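Participant: Sequence below, structure please.
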Amino acid sequence: MLRLNLPEYDIKIQATGGKKHIFDILRRKYVALTPEEYVRQHFVNYLISHLGYPLSLMANEVELSVGNKRMRCDTVFYDKALRPRMIVEYKAPSVAITQKVFNQISSYNLLLHVDYLIVSNGIEHFCCRMNYDANSYSFLDHIPSFSEINGV
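Facilitator: Presented below is the predicted three-dimensional model:
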């Protein structure tokens with residue numbers, strides 16, 4: 001796999017039926033190893049191991065629905081009251097982060113109203129802080145740590 005702009009970690013990969021699978025620490029199971037999944041597992045590990053996010057307050061593949069339309073957020077981080085605080089959208093390293101990606105994560109946020117939106121393809125990472133009072137957002141120059149977003 002391609003080298004990402006994320007810290008290395010002890011990746012657990014296994015082959016089953018001739019296909020590779022990677023262990024998802026949040027779902028507690030092996031899932032198909034795709035380029036996007038490779039980015040997701042690295043980013044989740046980064047949030048937990050380097051930025052102090054509690055594993056117990058994160059979930060992968062969170063399903064949302066509007067009418068008959070179903071969508072899946074790649075990763076959602078919750079606060080201790082289980083209110084969504086952050087959505088992360090992943091793309092494969094070969095996929096450019098474009099306005100279309102921001103439109104996708106914004107559509108999820110219409111339902112969740114989180115404080116932070118992050119998009120990453122493993123090479124580039126962008127984080128926006130939402131300001132609902134001013135009906136605006138601002139890009140941050142880093143991914144905030146758990147203590148930063150919780151004022152600890």
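Participant: okay, which residue is most central for the protein?
Facilitator: Central residue of the chain (Cα atoms, centre = their mean): residue 88, 2.8 Å from the mean position.
Participant: Phi and psi next, for residue 52.
Facilitator: phi 80, psi 20 (degrees, to the nearest 10).
Participant: give the contact list for the closest residue to residue 92 other than its chain neighbours.
Facilitator: Nearest residue to residue 92, sequence neighbours excluded (Cβ to Cβ, 6 or more residues apart in numbering): residue 35, at 3.5 Å. Using the backbone N, CA and C atoms, a C-beta is placed for each residue, glycine as well. Residue 35 makes contacts with 1, 2, 92, 93, 94, as judged by Cβ atoms under 8 Å, 6 or more residues apart in numbering.
Participant: I'd assumed residue 118 was in contact with the residue nearest to the centre of the chain.
Facilitator: Yes. If you go by Cβ atoms under 8 Å, residue 88 and residue 118 touch, sitting 4.4 Å apart.
Participant: so where do the strands sit in the protein?
Facilitator: For the chain, applying DSSP state E gives strands covering 13-16, 19-24, 29-32, 58-66, 69-78, 84-90, 116-120, 125-131, 136-140.
Participant: shaky segments in this protein?
Facilitator: Under the criterion pLDDT under 70, the flagged ranges of the chain are 1, 151-152.
Participant: from the chain's centre, how far out does stretch 133-152 sit?
Facilitator: Distance of stretch 133-152 from the chain centroid (Cα atoms, centre = their mean, to the nearest Å) equals 15 Å.
Participant: What residues does the closest residue to residue 49 other than its chain neighbours make contact with?
Facilitator: Spatially, and ignoring its direct neighbours in sequence, residue 49 is nearest to residue 9 (6.6 Å; Cβ to Cβ, 6+ apart). With contacts defined as Cβ under 8 Å, 6+ apart, residue 9 is in contact with 42, 45, 49.
Participant: what residues are up against the first one?
Facilitator: Read it as residue 42. 4, 6, 7, 9, 122.
Participant: Could you identify the most distant pair in these?
Facilitator: Put simply, by Cβ to Cβ the two of those set farthest apart are 9 and 122, 12.9 Å from each other.
Participant: Could you tell me how many residues sit around residue 30?
Facilitator: 15 (other Cβ atoms under 10 Å).
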